[in-house]
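Asker: Pasting the sequence and the predicted model now:
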Amino acid sequence: MLTDIEIAQSATLEPISTIAQQLDLTPDDLIPYGHHIAKLSPACIADLQSKPNGKLILVTAISPTPAGEGKTTTTIGLADALNQVLAPSEKKAMVCIREPSLGPVFGLKGGAAGGGHAQVVPMEDINLHFTGDFHAISAANNLLAALIDNHIYHGNALDINPASITWRRCMDMNDRALRKITLDTHGKDGCLIERHTGFDITVASEVMAIFCLATSLDDLRARLGNIEIGRTKTNEPVLAKTLQAEGAMTALLKSAFQPNLVQTLEHTPAIVHGGPFANIAHGCNSVVATKAALKLADYVVTEAGFGADLGAEKFIDIKCRKTGLKPDAVVLVATVRALKYHGGVDVASLNVENLAALKSGISNLEKHAHNLKKHFGLEVIVAINHFSRDTDAEITLLQSEAASRGIAAVICKHWADGGAGALQLAEKVVEITSIASDTFKFLYPDSMPIWQKLETVAQKIYGASGIELSANAKLTLDTLLQEYNHFPVCIAKTQYSFSSDPSLRGAPQGHILQVRELRLSRGAEFIVAICGDLMTMPGLPLHAASERINVNEAGMVTGLS
């Protein structure tokens with residue numbers, strides 16, 4: 001059996017100009033990055049604004065497990081299948097997803113370009129550096145950090161309180177040793193200034209969130225300028241624009257801000273742009289990419305990271321709230337293996353038929369589907385991402401249990417068969433989206449107090465009985481309530497459970513969401529609530545994926561998954 005990278009490297013890719021022609025784009029609309037990658041030019045983005053929007057299909061998933069669910073793979077397979085189903089009508093579908101972070105690529109998860117015969121390509125380029133967007137984001141973030149310390153070194157004319165500085169450095173790599181660092185700096189007057197800070201992974205940074213929520217370069221610049229880095233000694237906020245940082249930060253991000261165009265293995269156009277983590281940040285690709293895709297295609301298949309309790313909730317309550325976007329349908333990805341895991345089976349035994357565990361684990365699927373339908377008013381289709389060890393009895397049980405709950409569950413074999421393996425799912429998507437609906441809603445209003453927003457998400461989406469704020473979080477909340485009560489909340493918690501405890505599988509009820517820290521993302525315009533033991537700088541596992549990655553004598557990357 002070929003590996004993902006072997007499948008990708010054996011494919012024949014079309015020139016990116018040919019892919020662009022499917023979208024009625026000309027060479028002048030593109031900024032080429034080699035033969036198979038291009039960015040959409042600013043003029044192209046501007047020219048699209050007068051066109052009508054296509055339909056937006058959101059792909060999300062049940063709570064992820066170490067076994068993996070294949071959400072990105074399903075997103076790509078569905079888009080390929082839609083183009084086959086839509087061919088007689090001459091309508092077009094395309095993919096719109098996030099860029100992979102080097103942290104997971106070299107860590108535990110591996111790449112994020114799909115898998116099997118449902119991938120975006122060139123796979124190794126997309127997973128490794130791509131067009132340098134993340135490096136630009138890291139540079140912009142760290143420029144601001146350098147400007148802060150430089151200002152203090154040169155006399156601190158703004159009278160910044162060093163102990164109040166919240167701005168952290170970042171890098172796009174898992175490195176637990178950088179979570180906490182101490183800066184010892186001698187001021188120009190010779191005085192020693194010591195302060196404690198640390199690094200976040202780039203995809204968890206506020207600059208990444210701003211990058212993905214900004215609607216234009218002007219909006220990007222304004223949001224960057226509104227970043228709050230700390231307070232003065234009289235407790236006045238200090239913003240990035242106070243340090244005159246926003247112009248240079250925007251200059252670093254100017255080219256990166258242009259969406260990237262690539263293709264799937266079946267030559268479906270794909271925009272891959274931006275990449276905030278969903279367990280820490282808001283987990284969706286860039287607004288500018290999504291809006292461009294909706295002008296270019298009749299159906300746009302996008303994804304929201306991790307389970308629907310994280311990425312989908314944030315897609316709706318942050319991205320849609322800020323932009324006016326609205327999904328026309330939601331695909332909820334599940335696997336038999338993952339549901340058995342949520343039913344109590346260990347990873348080593350997931351390939352063994354276990355109907356009792358499967359039936360128990362369906363509680364996780366049921367809770368996610370319930371949330372999407374009841375709390376957000378969305379039509380839901382379950383995509384059963386098929387694995388070769390799934391038994392007929394397990395598939396029958398899963399479909400029967402889903403049907404008894406009023407949920408359509410479709411078997412998908414796109415990993416093995418590409419778009420042809422997801423035709424039934426594509427037909428169901430076309431059927432559902434052909435019916436107009438006005439039931440879409442947000443979980444909470446802007447006017448709701450921050451603590452109540454957190455409690456609402458915890459109780460309605462997670463099944464918690466309530467929230468518990470640490471002493472530090474309570475102090476921060478008092479400050480936030482005065483000026484930022486209208487901001488939505490972005491809950492950062494483990495992806496493996498509805499709770500803040502990764503060991504609680506299935507659909508636990510009555511737990512307490514432990515809020516450890518609150519962070520203001522003033523430029524992104526949301527409040528981050530860090531829960532449980534979640535770290536904003538991940539670490540590498542004992543045996544990292546990097547151990548398998550190499551370059552052969554022909555100069556081809558090997559071992560990337």
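Answerer: Cool, got the structure. In this text the structure is predicted, and so the values were computed from the model without any measurement.
Asker: quick one, what contacts residue 407?
Answerer: 365, 369, 380-382 (C-beta atoms under 8 Å, 6 or more residues apart in numbering). Bear in mind the C-beta positions are built from the backbone N, C-alpha and C, glycine included.
Asker: Kindly recompute the last result at 6 Å.
Answerer: 369, 382 (C-beta atoms under 6 Å, 6 or more residues apart in numbering).
Asker: can you tell me how far it sits from residue 362?
Answerer: The gap separating residue 407 from residue 362 is 10 Å, by C-beta to C-beta, to the nearest Å.
Asker: surely residue 161 meets residue 235?
Answerer: No - in this structure residue 161 lies outside contact range of residue 235 using C-beta atoms under 6 Å: 8.0 Å.
Asker: Counting neighbours, go ahead and name the busier of the two.
Answerer: Using other C-beta atoms under 10 Å, the more surrounded residue of residue 161 and residue 235 is residue 161, with 17 against 9.
Asker: Please name the nearest non-neighbouring residue to that one.
Answerer: residue 233 (4.8 Å; C-beta to C-beta, 6 or more residues apart in numbering).
Asker: Check residue 489 too.
Answerer: Counting by C-beta to C-beta, 6+ apart, residue 453 is the residue found nearest to residue 489 once chain neighbours are left out, at 4.7 Å.
Asker: so the one you found touches residue 491, yeah?
Answerer: No - counting by C-beta under 6 Å, residue 453 sits too far from residue 491 to count as a contact (9.4 Å).
Asker: Tell me which of these two has more neighbours.
Answerer: residue 491 (27 against 23).
Asker: List the contacts of the residue sitting nearest the centre point of the chain.
Answerer: Closest to where the C-alpha atoms of the chain average out (C-alpha atoms, centre = their mean) is residue 283, at 2.4 Å. Contacts for residue 283 (C-beta under 6 Å, 6+ apart) come out as 276, 304-305, 311, 314.
Asker: switch the cut-off to 10 Å
Answerer: Taking C-beta atoms under 10 Å, 6 or more residues apart in numbering, we find residue 283 in contact with 60, 98, 203, 209, 212, 275-277, 303-306, 310-315, 318-319, 490, 495.
Asker: Just to be sure, which of these are found in helices?
Answerer: 209, 212, 313-314 (DSSP state H).
Asker: Run a quick check on residue 40 versus residue 272, I expect a contact.
Answerer: No - using C-beta atoms under 10 Å, residue 40 is not in contact with residue 272, being 11.7 Å away.
Asker: and the residue nearest to residue 161, how many neighbours does it have?
Answerer: The number of residues packed near residue 233 is 13, by other C-beta under 10 Å.
Asker: show me where the stretch 451-561 of the chain has helices.
Answerer: 471-483 (DSSP state H, counting those that start in this stretch).
Asker: for it, which spans come out with low pLDDT?
Answerer: Scanning the stretch 451-561 of the chain for pLDDT under 70 picks out nothing.
Asker: burial of residue 53, as a residue count?
Answerer: The burial count for residue 53: 16, using other C-beta under 10 Å.
Asker: pLDDT at it, what is it?
Answerer: Note on residue 53: pLDDT of 97.
Asker: Next: residue 111.
Answerer: 88.
Asker: Pull the contacting residues for it.
Answerer: Neighbouring residues of residue 111 by C-beta under 10 Å, 6+ apart: 4-5, 8, 72, 100-102, 104-105, 119, 123-124, 126-128, 545, 549, 560-561.
Asker: State the number of residues packed around residue 226.
Answerer: As a burial measure, residue 226 scores 18 neighbours (other C-beta under 10 Å).
Asker: What distance do you get for it to residue 500?
Answerer: Distance of residue 226 to residue 500, given as C-beta to C-beta: 29 Å.
Asker: same check, this time on residue 347
Answerer: With C-beta to C-beta as the criterion, residue 347 and residue 500 are 22 Å apart.
Asker: what about the two, which has more around it?
Answerer: The residue with more neighbours, out of residue 347 and residue 500, is residue 500; 27 against 12, by other C-beta under 10 Å.
Asker: Tell me which residues touch the nearest residue to the more buried one once chain neighbours are set aside, please.
Answerer: With C-beta to C-beta, 6+ apart as the criterion, residue 500 has its nearest non-adjacent residue at 3.3 Å, and that residue is residue 532. Listed by C-beta under 10 Å, 6+ apart, the contact set of residue 532 reads 492-494, 497, 499-502, 513-516.
Asker: top strand in this structure by residue count?
Answerer: Counting residues, the longest strand found in the chain (DSSP state E) is strand 512-521.
Asker: Tell me which residues of that one come out buried.
Answerer: By neighbour count on 16 or more other C-beta atoms under 10 Å, the buried set for strand 512-521 is 513-521.
Asker: got those residues as CSV, with distance to residue 356 columns?
Answerer: Supplementary listing: the buried residues of strand 512-521 in CSV, determined by distance: C-beta to C-beta, whole Å:
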residue, distance to residue 356
513, 30
514, 31
515, 36
516, 36
517, 40
518, 41
519, 42
520, 47
521, 44
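Asker: Settle this for me: residue 184 is touching residue 162, isn't it.
Answerer: No - in this structure residue 184 lies outside contact range of residue 162 using C-beta under 10 Å: 11.6 Å.
Asker: Who has more neighbours out of these two?
Answerer: Legend: neighbour count by other C-beta under 10 Å for residue 184 and residue 162, higher for residue 162 (18 against 8).
Asker: Can you pull the phi and psi angles for the residue nearest to the centre of the chain?
Answerer: With angles defined as degrees, to the nearest 10, residue 283 sits at phi 70, psi 20.
Asker: what does residue 470 give?
Answerer: phi -70, psi 170.
Asker: coming back round to it: export the contacts of residue 532 to a markdown table and append columns for distance to residue 16.
Answerer: Compiled in a markdown table, the contacts of residue 532 are given as follows (distance: C-beta to C-beta, whole Å):
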| residue | distance to residue 16 |
| --- | --- |
| 492 | 36 |
| 493 | 39 |
| 494 | 38 |
| 497 | 41 |
| 499 | 44 |
| 500 | 43 |
| 501 | 46 |
| 502 | 41 |
| 513 | 45 |
| 514 | 47 |
| 515 | 45 |
| 516 | 45 |
